[in-house]
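# sequence first, then the predicted structure:
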Amino acid sequence: MSKLRDMLFTSAHADRAKALLTLELLEKNPAGIGDHSTDDFYKNAEEALAMLVEADDRLEAIKKYLDNKQVI
């Protein structure tokens, strides 16, 4: 494995973990949003979901193109 592939994989995996944690916190501790409005809560949930989808897409691309040594 190349260092570049490792860095890209680690970055995508970290973003995935952050997104999952954010969704978990929003689901289990909605009072934790404090002074934030309901719109902020929804916005945070949508942003976390978008981050999760993007991270999963990046991980899939790494598996498809970098793990198989295919040219991008």
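In hand now; what should we look at? The structure displayed is predicted, hence computed values, not measured ones.

# could you list the low-confidence segments of the chain?
Low-confidence segments of the chain (pLDDT under 70): 1, 31-36, 69-72.

# give me the longest helix you can find in it.
The single longest helix within the chain, with elements called by DSSP state H, is helix 3-28.

# for it, packing partners?
On a contact count with 3 or more Cβ pairs under 8 Å, 6 or more residues apart in numbering; DSSP states H and E, helix 3-28 meets helix 38-61. In short, each C-beta sits where N, CA and C put it, glycine included.

# the helix it packs on versus helix 3-28: what angle between them?
Orientation of helix 38-61 against helix 3-28 (axes from the mean of the first three to the mean of the last three Cα atoms, to 10 degrees) gives an angle of 150 degrees.

# and helix 38-61, what's buried?
44, 48, 51-52, 55, 58-59 (16 or more other Cβ atoms under 10 Å).

# likewise stretch 19-35?
Quick answer for stretch 19-35 (16+ other Cβ under 10 Å): 19, 22-23, 26.

# how far is it from where the chain is centred?
Stretch 19-35 has its C-alpha centroid displaced from the chain centroid by 15 Å (Cα atoms, centre = their mean, to the nearest Å).

# again with stretch 59-66
15 Å.

# first-to-last residue distance for that stretch?
Distance between the two ends of stretch 59-66: 10 Å, counting by Cα to Cα, to the nearest Å.

# next, count neighbours for residue 12.
Per other Cβ atoms under 10 Å, the neighbour tally for residue 12 reads 19.
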